[in-house]
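Q: Okay, predicted coordinates and the sequence, questions at the end:
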Amino acid sequence: MPSSAIKRGIAICLLAISGVLAAQPAGNRIIQDATLDRADGCGLLTIHFALPMQYVSHFPTGSGQELRIQLKPLGINRNDMPALGHNEPILVADLDKLVPLQRIDYEGQYNPNAPVINLVFDATVHFDVQPGADFRSIRLLLSRKPLADCPIKP
C-alpha cells in the first residue's frame, strides 16, 4: 500500500513541476536567432521566435526598399507581455553582403498584440515571406535579382 501512495505522490509532483516549467516566460527577447543560407546571389533567412508567432501578412509583396511583416502572438500569458512589448534589432551575419540591408528590427512597442518585423534596404530587393510549419519561425527569400532566378525556395 505505501508504495502506491509514494507513486501517486511522485506523479503529482511531476505534474506540478511540468506545469511550472510550461508557464515560464520567454525572458526579455522574442527573437531566438536568425540564420542565413545562401546560393547564387539569393539568401534564405530564417527567423526563429522564442514564443509561438503566427505569420499574418507582409507588405509590399514582391519587392521594395522596405518590408513589413505582421505577426500575431499565440498562446501568450501575461508573463510574456514585457518581451512582446519592446523593440529589438535582429542581427544576421553577412546579410548586408547579400542584399543592401540597413537594418532588421522586431517592433512590438506600439502594439504587442500585433508586432511587426521591419526590414529596411538601401535599394530595391526582391523577397518572398513564408510562415514556418511550427509557428516558431518565418522564412524570407531575399535577392537583388528576380526570385524566379533563385535556386533556393522558402
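A: Right, received. Where do you want to start?
Q: which is the next helix or strand following the least confident helix or strand in the chain by mean pLDDT?
A: Lowest mean confidence among the helices and strands of the chain (mean pLDDT, DSSP states H and E): helix 2-22, at a mean of 48. Beyond helix 2-22 on the C-terminal side, the first helix or strand identified by DSSP states H and E is strand 31-39.
Q: which other helices and strands contact that next one?
A: Under the contact definition 3 or more Cβ pairs under 8 Å, 6 or more residues apart in numbering; DSSP states H and E, strand 31-39 sits against strand 42-49, helix 95-98. Heads up, the C-betas are built off the backbone N, CA and C, glycines and all.
Q: cutoff 10 Å now
A: Packing partners of strand 31-39 (3 or more Cβ pairs under 10 Å, 6 or more residues apart in numbering; DSSP states H and E): strand 42-49, helix 95-98, strand 101-107, strand 137-143.
Q: any chance of these in TSV, plus mean pLDDT, distance to His58 and mean neighbour count?
A: Converted to TSV, these look like this (pLDDT from 0 to 100; distance: least, Cβ to Cβ, whole Å; neighbours: other Cβ atoms under 10 Å):
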stretch	mean pLDDT	distance to His58	mean neighbour count
strand 42-49	93	12	21
helix 95-98	81	17	15
strand 101-107	91	13	17
strand 137-143	96	9	21
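Q: can you put the ones you listed in TSV and add distance to Leu36?
A: Formatted as TSV, the helices and strands packed on strand 31-39 follow (distance: least, Cβ to Cβ, whole Å):
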stretch	distance to Leu36
strand 42-49	5
helix 95-98	6
strand 101-107	11
strand 137-143	9
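Q: The ones you listed: which one's closest to Thr61?
A: Ranking the helices and strands packed on strand 31-39 by proximity to Thr61 (Cβ to Cβ) places strand 137-143 first, at 12.6 Å.
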